[in-house]
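Sequence isn't available, so here's the structure alone:
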């Protein structure tokens, strides 16, 4: 049996993610149990994983019933004087590593050095697959209480927050409209919605500068970024909301029809959502949290 290429491994992961979305009544539902354990991070370096790897590791934790979201390589496990349990199989994650190559500049006829991204894979194990004890692991998940959610969002000064009849982000005037919390089914639904709109606000030209043009395909893509980013914030805050916005779920399922033909769009959206989430964390805390490459 031939060994799968890096591209084939990535395609397989994305296909599995899309299938889990389509099989679920609510696209967030499959991730709720994994989200309860916080964002996946490297147990050895204490750095969080980014982008698509968050979802790949969440999916694996759900499928295997792991109790933690802490991962590490076999080499890192050995460095901690521990072992991977016999018969355990690793989980593949992906990173882009910049490499320098020489290319011919047709205008000058000279060779020039350019940097291109090379997709690389790493294999990691969940702590549950090792002799390390999960009970000793401290997570970075914030306890899900209203006070702490209020503290988190009140510390954000990204754009103006206005009381409104419907939740939305106005890119032209750079403000978020959000109904009062009593207009929502429950408090978690309010905070998840607020997180969604804050992710939108990071796309402003003065911040991350995403294409916020109000065209059907671009609008659906931006909604996907906002929902993914909201998922990251919800995990960080320990929010486990059963109800989600029907419109956002519809946008996602509509976008997935296109993703079946080109998985690179979902990969890109997860990267954009991760950057938006990091931007919000940096706006919230005076010190930046470390992030795995």
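Yep, it's here. Only a predicted model underlies this, so the values are computations on that prediction, with no experimental measurement involved.

got the buried residues for stretch 43-62?
43-44, 48-62 (16 or more other CB atoms under 10 Å). No exception for glycine: its C-beta is placed from N, CA and C like everyone else's.

how much space between the residue nearest to residue 83 when sequence neighbours are not counted and residue 78?
Spatially, and ignoring its direct neighbours in sequence, residue 83 is nearest to residue 131 (5.1 Å; CB to CB, 6 or more residues apart in numbering). Using CB to CB, to the nearest Å, one gets 11 Å for the distance from residue 131 to residue 78.

And residue 55, by the same measure?
Counting by CB to CB, the gap from residue 55 to residue 78 is 28 Å.

do residue 10 as well
Where residue 78 is concerned, residue 10 sits at a distance of 27 Å (CB to CB).

before we move on, the earlier item: I figured the residue nearest to residue 83 was touching residue 81, is that so?
No: in this structure, residue 131 is not within contact of residue 81 by CB atoms under 8 Å, at 9.1 Å.

Of these two, which one has the most company?
Higher neighbour count among residue 131 and residue 81: residue 131, with 12 against 8, using other CB atoms under 10 Å.

Name all residues that make contact with the more buried one.
Counting by CB atoms under 8 Å, 6 or more residues apart in numbering, residue 131 touches 82-83, 85.

top of those by neighbour count?
residue 82 (16 neighbours).

Test my guess that that residue contacts residue 129.
No: between residue 82 and residue 129 there is no contact under CB under 8 Å: 10.5 Å.

ok, residue 10 and residue 78, which is more surrounded?
Neighbour comparison, residue 10 and residue 78: the larger count goes to residue 10, with 20 against 13 (by other CB under 10 Å).

Let's verify that one: helix, strand, or coil?
Recorded secondary structure, residue 10: helix (DSSP: H, G, I helix; E, B strand; the rest coil).

Before we move on, what's the pLDDT of it?
At residue 10, the pLDDT value in this model is 74.

Now it: closest residue in space that isn't a chain neighbour?
Residue 10 sits nearest to residue 94 (CB to CB, 6+ apart), 5.8 Å away.

Pull out the buried positions in the helix or strand harbouring the one you found.
Using DSSP states H and E, residue 94 maps to strand 91-105. Judged by neighbour count (16+ other CB under 10 Å), strand 91-105 contains these buried residues: 91-95.

Secondary structure element holding the nearest residue to residue 50 once chain neighbours are set aside?
Of all residues not flanking residue 50 in the chain, residue 274 sits nearest, at 4.5 Å (CB to CB, 6+ apart). In this structure, residue 274 sits in helix 264-284 according to DSSP H and E.

ok, and for that helix, which residues are buried?
265-281, 284.

That one to strand 91-105, inter-axis angle?
With axes from the mean of the first three to the mean of the last three CA atoms, to 10 degrees as the basis, helix 264-284 and strand 91-105 are set at 100 degrees to each other.

So what's the gap between helix 264-284 and the chain middle?
7 Å (CA atoms, centre = their mean, to the nearest Å).

What lies in contact with it?
Contacts of helix 264-284 (CB under 8 Å, 6+ apart): 10, 14, 17-18, 50-52, 54-55, 152, 155-158, 198-199, 202-203, 207-208, 210, 221, 224-226, 228-229, 231-233, 236, 255-256, 258-259, 288-289, 291.

Repeat that for stretch 157-176.
Contacts for stretch 157-176 (CB under 8 Å, 6+ apart): 177-180, 193-194, 196-198, 200-204, 206-207, 212, 280, 283.

List the buried residues of that stretch.
158-159, 161, 167, 169-171, 175-176.

which one of those is nearest residue 146?
residue 161 (16.7 Å; CB to CB).

so the closest one bridges to which residues?
Judged by DSSP bridges, the bridge partners of residue 161 are residue 176.

residue boundaries of the helices in this protein?
Along the chain, the stretches classed as helices by DSSP state H are 6-23, 32-35, 52-64, 74-79, 146-154, 187-201, 216-237, 246-259, 264-284.
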